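In: structure here, sequence nowhere to be found:
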């Protein structure tokens, strides 16, 4: 287990009471018998870095569960719904997510939170072997990001024992996405709207999916592990 993961395991009991705060971070370092200077060298942003790590570890667990699931007989919408459900199942501490939602709602952390949700949507589409290389790459992830964000908020307020209310909510939101995709297809195939769709397609034809790039460029911030 890496130093960052040790700190993450140590901070979770404190997050329930103190949130993803500096006090919780100091307590986690103390629990690990780690000098605070060493802990800050691993996590320069302190608890915020551990909150990010908590989220990305959940994404990794979701991808692993999705890859081991039998999806052969499932409709695509059901695959997406399963992925969202598996992402929630990967959460080891619901209160940590609740506290994280408060952290990433702060103005200076909102871009980080948005990036994390986008990362979850991207992880789902990548695990489901999405091959989009044009503007659809972005629209799929943007739509699923909105769905996932709404699902998390609903799930945080779902007190049912079996989580069926959340499952039903996921199904409704995925159905909304599929209705939107059907609407897009109808516009592209309707003789009245096809010229407009074609013009829009030509306008967006230069938008391409991002290619692999180094993650250590100036200005980037890598999650400690």
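Out: All right, it came through fine. Quick caveat: nothing in here was measured; it's all calculated off a predicted structure.

In: pLDDT at the closest residue to residue 10 other than its chain neighbours, what is it?
Out: Closest residue to residue 10 apart from its sequence neighbours, by CB to CB, 6 or more residues apart in numbering: residue 28 at 3.9 Å. (Each C-beta comes from the backbone N, C-alpha and C, glycine too.) Here, the pLDDT recorded for residue 28 equals 98.

In: residues contacting residue 28?
Out: Taking CB atoms under 8 Å, 6 or more residues apart in numbering as the contact definition, residue 28 lies against 7, 10, 11, 14, 39, 50.

In: wait, residue 171 sits on residue 84?
Out: No - counting by CB atoms under 8 Å, residue 84 is not a contact partner of residue 171; they are 9.8 Å apart.

In: show me which of those two is the more surrounded one.
Out: Legend: neighbour count by other CB atoms under 10 Å for residue 171 and residue 84, higher for residue 84 (26 against 15).

In: widest-spaced pair of the contacts of residue 28?
Out: Spatial extent of the contacts of residue 28 (CB to CB) is set by the pair 14 and 39 at 13.2 Å.

In: residue ranges with poor pLDDT in this protein?
Out: Within the chain, the stretches with pLDDT under 70 are 180-208, 211-223, 225.

In: repeat that for 90
Out: Within the chain, the stretches with pLDDT under 90 are 1, 76-77, 130-140, 159-163, 173-225.

In: ok, and what's touching stretch 136-155?
Out: Residues contacting stretch 136-155 (CB under 8 Å, 6+ apart): 80, 84, 87-88, 97, 101, 114, 117-118, 120-122, 124-125, 130, 132, 163, 165-166, 169-170, 173-174, 176-177, 180, 207-210.

In: what backbone torsions are found at the most centrally placed residue in the chain?
Out: For the chain, residue 120 is the residue whose C-alpha lies nearest the centre (CA atoms, centre = their mean; 2.6 Å). Main-chain dihedrals, residue 120, degrees, to the nearest 10: phi -70, psi -50.

In: ok, it touching residue 87?
Out: Yes - with contact defined as CB under 8 Å, residue 120 reaches residue 87; the gap is 6.2 Å.

In: so which residues of the protein form strands?
Out: Listed in chain order, the strands found in the chain under DSSP state E amount to none.

In: chain center to stretch 137-149: distance?
Out: Relative to its parent chain, stretch 137-149 has a centroid offset of 10 Å by CA atoms, centre = their mean, to the nearest Å.

In: now swap in stretch 86-97 and tell me
Out: 12 Å.

In: touching that stretch from outside, list them.
Out: Contacts of stretch 86-97 from elsewhere in the structure, counted by CB under 8 Å, 6+ apart, are 12, 15-16, 20, 51, 54, 58-59, 61-62, 65-66, 69, 120, 124, 148, 151-152, 155-156, 163, 166.

In: show me which of these are buried.
Out: 12, 15, 20, 51, 54, 58-59, 61-62, 65-66, 120, 124, 148, 151-152, 155, 163, 166 (16 or more other CB atoms under 10 Å).

In: show me the residues you listed that map onto helices.
Out: Among the buried ones among the contacts of stretch 86-97, DSSP state H puts 12, 15, 51, 54, 58-59, 61-62, 65-66, 120, 124, 148, 151-152, 155, 166 in helices.
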